[in-house]
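Engineer: this one's structure only:
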């Protein structure tokens with residue numbers, strides 16, 4: 001949970017979010033048990049108002065550059081301004097078909 005906590009801390013400090021969900025989805029992939037390599041992030045903050053998705057994602061990538069250069073392999077981002085936030089429902093992540101799970 002060390003990497004997940006680092007992600008949560010950095011995003012909280014940088015964006016003061018109204019909503020932040022950091023979900024470790026590594027167990028859905030072909031990685032060793034206990035891995036922290038695949039994450040889904042839901043982030044709602046005032047800083048995203050008027051920004052396109054690409055710019056929102058770039059801001060997050062900049063904050064998490066250390067994690068992305070290290071063990072984080074995948075980062076699914078769902079970013080919203082408060083006026084655009086649909087509530088608690090966000091898209092489900094697809095099943096992993098990579099590695100030995102492909103058919």
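Structural biologist: Right, received. Where do you want to start? Computed from a predicted model, the values in this text were never measured in an experiment. Numbering: from 1, shown residues only.

Engineer: ok, how many other residues are close to the nearest residue to residue 48 once chain neighbours are set aside?
Structural biologist: Distances taken as CB to CB, 6 or more residues apart in numbering place residue 81 nearest to residue 48, at 4.4 Å, with adjacent residues excluded. For the C-beta atoms, the positions are set from N, CA and C on the backbone; glycine is no exception. Look at residue 81: counted by other CB atoms under 10 Å, it has 16 neighbours.

Engineer: middle-most residue in the chain, spatially?
Structural biologist: For the chain, residue 41 is the residue whose C-alpha lies nearest the centre (CA atoms, centre = their mean; 2.6 Å).

Engineer: That one falls within a strand, correct?
Structural biologist: Yes: judged by DSSP: H, G, I helix; E, B strand; the rest coil, residue 41 forms part of a strand.

Engineer: Beta-bridge partners for it, please?
Structural biologist: Note on residue 41: beta-bridge partners by DSSP bridges are residue 22, residue 77.
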